[in-house]
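In: sequence isn't available, so here's the structure alone:
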């Protein structure tokens, strides 16, 4: 697959320039009232996350139930990367570019942007774009988990933008941290299995 590798690099550089310089510009201005924009934006991301989740969850669960986790690590025939599942993975990777707008909303509203926030956005964008370009097996699992988490997270943000901050805010934090554990575990298993089977698995990604 011939994907422009400069695209995520350019996006990340421009994003970091925005994170570094735009807050100083906003320091001289009043914060923008973006309540309606936030409502629309968060609701659109809920719809997108639900679509990606339901487009991927069926094929992933079916593959895991019939072939098992370790057979999924290599995906020698790329079974999950055809049709709707492939479209959802492609859409999932591109959504990480759109999610950079979350930071723009924070800055325009004069809210703090901490290290963890911008580090998360940049590294996840780079990883998901790489996963789409080379079709890594862990990408399918990560896509399902992340889309499910984002469905809950952006629904929470949508309700908060509507002035109805839910009482289950801690749940959002818990599932966000849990997906990190799932992602690291899956990637570690993939790397371990890739080493174990040697050329048979490596040839799939060479």
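Out: Received, thanks. Here the structure is a predicted model, which means the values were calculated and not measured.

In: now do stretch 34-50, average pLDDT.
Out: The average pLDDT within stretch 34-50 is 96.

In: in that stretch, which residues are buried?
Out: Within stretch 34-50, the residues scored as buried using 16 or more other CB atoms under 10 Å are 34, 38-39, 41-43, 45-46, 48-50. C-beta: built from backbone N, CA, C; applies to glycine.

In: cool, stretch 164-184 as well?
Out: 172, 179, 182-183.

In: secondary structure, pLDDT and distance to residue 132 added to the residues you listed, as CSV?
Out: Below are the buried residues of stretch 164-184 laid out as CSV (DSSP: H, G, I helix; E, B strand; the rest coil; pLDDT from 0 to 100; distance: CB to CB, whole Å):
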residue, secondary structure, pLDDT, distance to residue 132
172, helix, 89, 26
179, helix, 85, 18
182, helix, 80, 19
183, helix, 75, 15
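
In: and the furthest pair within those?
Out: 172 and 183 (16.8 Å; CB to CB).

In: residue 147 touches residue 52, doesn't it?
Out: Yes: the pair residue 147 / residue 52 is scored as a contact, 4.1 Å apart, by CB atoms under 8 Å.

In: overlap of the contact sets of the two?
Out: 88, 92 (CB atoms under 8 Å, 6 or more residues apart in numbering).

In: where does this protein dip in pLDDT?
Out: 1-3, 73-78, 137, 190-206 (pLDDT under 70).
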